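Novice: Any chance you could fold what I've pasted below:
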Amino acid sequence: MTAHLGLGLAAIGRPGYINLGHDQDLPPGREVDGLRRRTHELLEQAWQAGVRYFDAARSYGLAETFLGEWLTPERRGELTVGSKWGYTYVADWRHDAETHEVKDHSLATFERQWPETLQALGGTPDFYLVHSLTKDSPALDDPKLLDRLRELADSGVRVGLSTSGPHQAETLRKALTLETPFTAVQSTWNVLERSAGPALAEAHDAGWFVVVKEAVANGRLTARAGETPFNAFAVQHGVAPDALALGTAAAQPWADVVLSGATTAEQLASNLAPVVRGPLEEFVQEPAEYWSERSALPWI
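Specialist: This is a model prediction of the structure:
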């Protein structure tokens, strides 16, 4: 394996998310204090296990705040913090809200969310990404926004983008044509959805920092998915499905960090013991099929 493992807080910084079985993993009541304690416990567990990359976003409920509360000056100098802007959390701490987050990649949203991130984290993140760019996003064609992001990059923050949807490679390659400000990317890549791989390799070769998200496909590459062909393969080889999925992602030569999205101590411990058993190309789905299935996952 070439990549380091990191911890992403998408599923633990708010009471609702789209991971399979998410409602079974959270503290009773899903109240703020309960999720705060759980997040701090997971951060400490990851830290003690050697994890040094932590990922949040403005739309992950209180994830940035929970992370900022856990950070100490001593730790901060030894770890890397990434966060993202461009989505606003609007669920008002309800897991059954009709709308959980709203996308807006405008300059006005950046100017509002950047100081919010600074306050929540208690300082400057190392990476700050445009959250979940798709090919129809106006951000890559907005000269005023790009100029502002260049200013941020010039201040020492690594500016980047995260990608989503069946056209991730197209979005990333468009960003690669820009000389600045982008030097980092976070993309979905897993056993089922590998279409962004060649573009991520190009970004890595260009000196970009590459982070893999959704390596267990929102639970579809875990035991929670039931008797799938992938899970049957994992059982046959005596390994946990999530460990196999994370190991496969971490083995990609262009990956710098692969994120665990664990919400329990048991999940994190399993995630942090990744294994590799071949390329597993027989499980690949067409991107349109994969993203259609993902979009159908309920917030629970």
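Novice: so residue 291 is in which element?
Specialist: helix 287-295 (DSSP states H and E).
Novice: for that helix, which positions count as buried?
Specialist: Buried residues in helix 287-295, counted by 16 or more other C-beta atoms under 10 Å: 287, 290-291, 294. Every C-beta, even on glycine, is put in place using the N, C-alpha and C of the backbone.
Novice: Closest one of those to residue 94?
Specialist: Ranked by distance to residue 94 (C-beta to C-beta), the buried residues of helix 287-295 are led by residue 294 at 21.8 Å.
Novice: Please report the distance of the closest one from residue 165.
Specialist: Residue 294 sits 9 Å away from residue 165 when distances are taken as C-beta to C-beta, to the nearest Å.
Novice: Specify the local secondary structure of residue 152.
Specialist: Here residue 152 is helix, with the state taken from DSSP: H, G, I helix; E, B strand; the rest coil.
Novice: residue ranges of the strands in the stretch 1-150 of the chain, please?
Specialist: All strands of the stretch 1-150 of the chain, identified by DSSP state E, counting those that start in this stretch, fall at 4-8, 53-55, 80-85, 87-89, 101-103, 127-133.
Novice: Please render those strands as TSV that adds mean pLDDT and distance to residue 43 to the earlier fields.
Specialist: Below are these laid out as TSV (pLDDT from 0 to 100; distance: least, C-beta to C-beta, whole Å):
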stretch	mean pLDDT	distance to residue 43
strand 4-8	98	7
strand 53-55	98	7
strand 80-85	98	11
strand 87-89	98	20
strand 101-103	97	22
strand 127-133	97	17
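Novice: Let me know which of those strands is the nearest to residue 242.
Specialist: With C-beta to C-beta as the criterion, residue 242 lies closest to strand 4-8 of those, at 11.8 Å.
Novice: Tell me who's in contact with residue 209.
Specialist: 127, 158, 160, 183-185, 256-257 (C-beta atoms under 8 Å, 6 or more residues apart in numbering).
Novice: same deal with residue 66?
Specialist: Contacts of residue 66 by C-beta under 8 Å, 6+ apart are 9, 12-13, 35-36, 39-40, 43.
Novice: can you tell me which of the strands of the stretch 1-150 of the chain comes nearest to residue 190?
Specialist: In terms of C-beta to C-beta, the element of these nearest to residue 190 is strand 4-8, at 13.5 Å.
Novice: what does that closest one contact?
Specialist: Contacts to strand 4-8, defined as C-beta under 8 Å, 6+ apart, come from residues 42-43, 46, 51-56, 80, 211, 213, 246, 250, 256-262, 268, 271-272, 274.
Novice: So which of these are in helices?
Specialist: 42-43, 46, 246, 250, 268, 271 (DSSP state H).
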